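Engineer: starting from these lines, generate the structure:
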Amino acid sequence: MTLDFERLRREPDVEGRGLEASDAADRLILDEASAAIAAATPDTVVVLDDSYGALALGATALGATGVRVHQDLVTGERALARNAARLGFAAERAPRSMPLSPELLDGASVVLLRLPRSLDRLDELAALIAGHTASGVAVFAGGRQKHMSTSMNEVLGAWFERVDVSHARQKSRVLTATLPRPARELVAPAWPRVQHDAALDLDVAAHGGVFAATSVDIGTRLLLAHLDDAMADAATAVDLACGTGVIASWLARARPGLVVTATDRSAAAAASARVTAERNGVGDRVRVTQADGLELLADASEPLVVLNPPFHSDAALHTGIAEHLFADAARVLAPGGELWCVWNSHLRYRSALERIVGPTRQVARDPKFTVTASRRSR
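Structural biologist: The predicted model follows:
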């Protein structure tokens, strides 16, 4: 069976010009791994950080059976399932989505990996692979050259004795890592990592690849400096696109009666936010979910939503992500409820907030960021 890459879709993720469901790096990874996939026994091919299913479905089309896959984004996981159905993969042949864990990698002989842009994410994944796969595992890790660096070779080299580099093709390359280092040489760092922010008196936990890692970005700091004025009588609040959960934990600690829902489509972010809440003593009042926006919350149910929106989809700058989140906030806000948002001033989101949510006022502004409050009037 040959995979028709042109039929792959990103849905339910944002789609549009320049936002493809697969690219040349996916095809090069599959070509470099094709012989290893053909030789693999059933249930020994694992795929990590596959964006929308190109690698997992491509490996299945090449003859792999029982493919296990982990995608960080819940939207990517759903896109894989929809693409499998669209392309006619029978349920018993479709790749099986699993959480990131030792069980995902147990006994794997071939691992296909879309290289993350974060070296921390690569380090966390490489440690899991080296520690839990078969001794003869081959890891095929590829990406677009413009997003690759020699530091990636070094990270893989810390966990594997051999790292080979493919020839470039269509501005893509593949790193092939083999020979996991003996267990006595492997000293895996504890994930998530935790760092105390003295200015906020807050512990921040982060798995590899989560935005800002264990630091607090300056946009979030500006927003937190003004959140005391945000719907002070609210009994509940939402930290939308919560990342490491800094906003949720700060709100819950500042307002002892408040229950906060923290939600993010990233599994790594949700796991980080749970630990951040626990480390700051508010785990009982910060409810963390992995979800596509606010899909788990009812219409007109929340008095306060707080958001520091992402503005990249993979490597592409795209405002559609923020507008999707604005629309979700508008749906969930109760009449008179407010969306408090911080955003890069050059993105000029105020008109979109006015149109999608409601009357919007500027709360604060510095040379880089703007904080706004948008009221749901109906």
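Engineer: element containing E77?
Structural biologist: Assigned by DSSP states H and E, E77 belongs to helix 74-86.
Engineer: pLDDT on that helix, on average?
Structural biologist: Averaging the model's pLDDT scores along helix 74-86 yields 97.
Engineer: run the chain-centre distance for the next helix or strand after it.
Structural biologist: Per DSSP H and E, helix 74-86 leads on to strand 96-97 as the next helix or strand towards the C-terminus. When distances are taken as C-alpha atoms, centre = their mean, to the nearest Å, strand 96-97 is centred 17 Å away from the chain's centroid.
Engineer: who touches strand 96-97?
Structural biologist: G66, V67, R68, V69, H70, Q71, E77, L80, A81 (C-beta atoms under 8 Å, 6 or more residues apart in numbering). Glycine gets a C-beta too; all of them are placed from N, C-alpha and C.
Engineer: give the pairing partners of the helix or strand containing the fourth one; include direction for each.
Structural biologist: If you go by DSSP H and E, V69 is part of strand 68-70. Note on strand 68-70: by DSSP bridges, its sheet partners are strand 45-48 (parallel), strand 96-97 (parallel).
Engineer: strands of the stretch 251-378 of the chain, start to end?
Structural biologist: For the stretch 251-378 of the chain, applying DSSP state E, counting those that start in this stretch gives strands covering 259-264, 286-290, 302-307, 312-313, 316-317, 333-344, 360-365, 369-375.
Engineer: so which of these gets nearest A237?
Structural biologist: Distance to A237, taken as C-beta to C-beta, is lowest for strand 302-307 among the strands of the stretch 251-378 of the chain, at 4.1 Å.
Engineer: ok and that closest one relative to strand 369-375, angle-wise?
Structural biologist: Counting by axes from the mean of the first three to the mean of the last three C-alpha atoms, to 10 degrees, strand 302-307 lies at 160 degrees to strand 369-375.
Engineer: now do strand 302-307: which elements does it pack against?
Structural biologist: Packed against strand 302-307 by the contact rule (3 or more C-beta pairs under 8 Å, 6 or more residues apart in numbering; DSSP states H and E) you find strand 236-240, helix 320-332, strand 333-344.
Engineer: change it to 6 Å
Structural biologist: strand 236-240, strand 333-344 (3 or more C-beta pairs under 6 Å, 6 or more residues apart in numbering; DSSP states H and E).
Engineer: so for A271, which of those strands sits nearest?
Structural biologist: Using C-beta to C-beta, the nearest of those to A271 is strand 236-240, at 14.9 Å.
Engineer: okay, now the sheet partners of that closest one, with direction.
Structural biologist: strand 259-264 (parallel), strand 302-307 (parallel).
Engineer: what number of residues lie near F140?
Structural biologist: Each residue near F140 was counted by other C-beta atoms under 10 Å, and the total is 25.
Engineer: ok, A262 next?
Structural biologist: Neighbours of A262 (other C-beta under 10 Å): 30.
Engineer: report the residue ranges of every domain in this structure.
Structural biologist: According to automatic domain parsing, the chain comprises the domains 5-185, 193-375.
Engineer: hmm, back to that, distance to D203 and mean pLDDT added to the strands paired with strand 236-240, as a markdown table?
Structural biologist: Shown next, in a markdown table, are these (distance: least, C-beta to C-beta, whole Å; pLDDT from 0 to 100):
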| stretch | distance to D203 | mean pLDDT |
| --- | --- | --- |
| strand 259-264 | 15 | 98 |
| strand 302-307 | 19 | 98 |
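Engineer: relative to K171, which of those is closest?
Structural biologist: Closest to K171 of these is strand 259-264 (C-beta to C-beta; 30.7 Å).
Engineer: low pLDDT regions in the stretch 251-378 of the chain?
Structural biologist: Low-confidence segments of the stretch 251-378 of the chain (pLDDT under 70): 311-319.
Engineer: try it again with 50
Structural biologist: For the stretch 251-378 of the chain, the stretches with pLDDT under 50 are 312-313, 315-317.
Engineer: what is the nearest of the contacts of strand 96-97 to G208?
Structural biologist: Once C-beta to C-beta is applied, the member of the contacts of strand 96-97 that ends up nearest G208 is H70, at 13.1 Å.
Engineer: circling back to that earlier point, contacts made by the strand holding V69 with the rest, please.
Structural biologist: Outside strand 68-70, the residues that touch it by C-beta atoms under 6 Å, 6 or more residues apart in numbering are V46, V47, L48, D50, A56, P95, R96, S97, M98, L100, L104.
Engineer: 7 Å instead?
Structural biologist: 46-48, 50, 56, 80, 95-100, 104 (C-beta atoms under 7 Å, 6 or more residues apart in numbering).
Engineer: same question, stretch 351-359
Structural biologist: 323, 326-327, 329-330, 339, 341, 360, 372, 374-377.
Engineer: over to stretch 8-19?
Structural biologist: Stretch 8-19 is contacted from outside by 21-22, 52-54, 75-76, 78-79, 82-83, 292, 313, 316, 318, 320-321, 324, using C-beta under 7 Å, 6+ apart.
Engineer: for PyMOL, what selects the buried ones among those?
Structural biologist: A single PyMOL command selects the buried members of the contacts of stretch 8-19 (16 or more other C-beta atoms under 10 Å):
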select buried, resi 21+22+52+53+54+75+76+78+79+82+83+292+313+318+321+324
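Engineer: now the closest residue in space to R117 that isn't next to it in sequence: phi and psi?
Structural biologist: Using C-beta to C-beta, 6 or more residues apart in numbering and skipping the chain neighbours, the partner closest in space to R117 is H147 (5.5 Å). H147 adopts backbone torsions of phi -110, psi 10, taken as degrees, to the nearest 10.
Engineer: so L3 sits against T60, correct?
Structural biologist: No - the criterion here is C-beta atoms under 7 Å, and L3 misses it with T60 at 8.2 Å.
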